[in-house]
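A.B. asks: here is a sequence with its predicted model. Questions after.
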Amino acid sequence: PLPQPMALPSLSASEVEEGEDAAALILKHGAAVVRGVVSLATCVETRARIDERLCLANLEAFGEDSTTAEFSAAGRTPEQVDAAARYFGNVTAPVHRRDLKLALNEEVGECVRQLLRACGPCIASILTADAEMCELSALVSDPGAPAQPLHPDTQTSGTRAHCGLITAFVALQDVTPEMGPTEVCARSNVAEAHRALSLGGGGTAGGEAGKLRALTAAGFTAPVPALLRAGDVLLMDSRVIHRGGANDGGKRRTLLVCTFQVPNNPAPGSTYSLLDEYAGRFRLGGFERWKDPAAATAC
């Protein structure tokens, strides 16, 4: 018989504040859900600011307020190509899906502070309080977005493989099954699962069935969806195998993404969706004092 899908651990915000116990769960299972981290009001305000920024970014990069345009330089002006590089990360399966680099404005800053007040001790237990923020973005999936291929964000072998990242996905609205929630293969943040994935699918979207067969044959379970309420957080080891699901519903799904790494040790493979001027600037231990550098130097 095939292994039954394994549910991810679910913790309260107060439980994850204990740090070490939550960290052990994440490293064992590859991910955990933390309930009730960010207030509903902050989620609503942050999502509104992200929608405004996405509209501006799409207009500057593609000439239309839509997430349907492909990331191709063909037929685009140099200014549009530069705008796409500034605003967007290289997310897999980009049609109807955007990885929007965020600025630390008032709303985003408050969302990040609430996130790290609860989850910061857990992240510090894994990466130390000196951990460096290496991603701050919004993953936006509109109706019609296809499922991504199963993948880890970083590898378990090779250069700096020991320096995994920890990513926090903050749900800015309820995430229901039809909206294409993030799906995680529990306990797949190990070399055996990565080898099975590589053998089963060859890394292409057409090989998804083969990947699943190879993973289950190796003793790993099928991916389970992380169904979140607004303000819940999915904390994830970058080496765990996962994917964004297909958005077959009628609503946009928006996740705020905040990722940390061991300082000066970027693990190969991640998109590192972060504004250029933020690189190397923000350490976990000082998150209460984080400010956008442009705002901090303004008169």
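C.D. replies: Cool, the structure landed. Note that the coordinates shown come from a computational prediction; the quantities given were computed from them, not determined experimentally.
A.B. asks: all helices for this protein, in order.
C.D. replies: Secondary structure of the chain by DSSP state H: the helices cover 13-16, 20-29, 40-62, 78-87, 106-127, 191-201, 208-217, 293-297.
A.B. asks: what is the neighbour count of the residue nearest to A217 when sequence neighbours are not counted?
C.D. replies: By the measure of C-beta to C-beta, 6 or more residues apart in numbering, the closest residue to A217 outside its immediate chain neighbours is A196, 7.1 Å from it. Bear in mind the C-beta positions are built from the backbone N, C-alpha and C, glycine included. Taking other C-beta atoms under 10 Å as the neighbour definition, A196 ends up with a count of 23.
A.B. asks: hang on, the earlier thing: and the helices of the chain, which one's lowest on average pLDDT?
C.D. replies: Across those, the stretch with the lowest average pLDDT is helix 293-297; it has a mean of 69.
A.B. asks: in the stretch 151-299 of the chain, where is pLDDT below threshold?
C.D. replies: Applying pLDDT under 70 to the stretch 151-299 of the chain flags the ranges 159-162, 201-206, 296-299.
A.B. asks: can you put the helices of the chain in a markdown table and add distance to G249?
C.D. replies: Putting the helices of the chain into a markdown table (distance: least, C-beta to C-beta, whole Å) gives the following:
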| stretch | distance to G249 |
| --- | --- |
| helix 13-16 | 27 |
| helix 20-29 | 27 |
| helix 40-62 | 16 |
| helix 78-87 | 25 |
| helix 106-127 | 23 |
| helix 191-201 | 26 |
| helix 208-217 | 21 |
| helix 293-297 | 36 |
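A.B. asks: state the distance from I123 to D142.
C.D. replies: Look at I123 and D142: by C-beta to C-beta, to the nearest Å, they are 30 Å apart.
A.B. asks: which of these two has more residues huddled nearby?
C.D. replies: Taking neighbours as other C-beta under 10 Å, I123 and D142 compare with I123 leading, 27 against 21.
A.B. asks: contacting residues for the nearest residue to that one once chain neighbours are set aside?
C.D. replies: Nearest in space to I123, with sequence neighbours left out and distances taken as C-beta to C-beta, 6+ apart, is I166 at 5.1 Å. The contact partners of I166, taken as C-beta atoms under 8 Å, 6 or more residues apart in numbering, are I26, I123, I126, L127, A131, L235, M236, D237, S238, T259, F260.
A.B. asks: and the second one, how far from G180?
C.D. replies: I take that to be I123. As judged by C-beta to C-beta, I123 and G180 stand 26 Å apart.
A.B. asks: distance from stretch 17-31 to the middle of the chain?
C.D. replies: 17 Å (C-alpha atoms, centre = their mean, to the nearest Å).
A.B. asks: which residues touch the residue nearest to A217?
C.D. replies: Residues touching A196, when contacts are defined by C-beta under 8 Å, 6+ apart, comprise K211, A214, L215, A217, A218, F220.
A.B. asks: ok, it to D99 distance?
C.D. replies: A196 is 27 Å from D99, by C-beta to C-beta.
A.B. asks: can you count the residues close to the residue nearest to Y278 when sequence neighbours are not counted?
C.D. replies: Nearest non-adjacent residue to Y278, counting by C-beta to C-beta, 6+ apart: L136, 6.6 Å away. Counted with other C-beta under 10 Å, residues neighbouring L136 total 21.
A.B. asks: go ahead and confirm L136 touches C258.
C.D. replies: Yes - with the criterion set as C-beta atoms under 8 Å, L136 and C258 qualify as a contacting pair; they are 5.7 Å apart.
A.B. asks: can you check which residues contact both of those two?
C.D. replies: Counting by C-beta under 8 Å, 6+ apart, the shared contacts of L136 and C258 are V112.
A.B. asks: and the furthest pair within the contacts of I166?
C.D. replies: Pairwise distances across the contacts of I166 peak at 14.8 Å for A131 and M236 (criterion: C-beta to C-beta).
A.B. asks: comparing these two, which residue is more hemmed in?
C.D. replies: Legend: neighbour count by other C-beta under 10 Å for A131 and M236, higher for M236 (29 against 22).
A.B. asks: what's across from the more buried one in the sheet?
C.D. replies: A31, T167 (DSSP bridges).
A.B. asks: am I right that it is in contact with A31?
C.D. replies: Yes - using C-beta under 8 Å, M236 makes contact with A31 at a distance of 4.2 Å.
A.B. asks: quick check: neighbours shared by these two?
C.D. replies: In the contact map built from C-beta under 8 Å, 6+ apart, the residues linked to both M236 and A31 are V184, H242.
A.B. asks: sorry, back to before: could you measure from the residue nearest to A217 over to L11?
C.D. replies: Applying C-beta to C-beta, the value for A196 to L11 is 28 Å.
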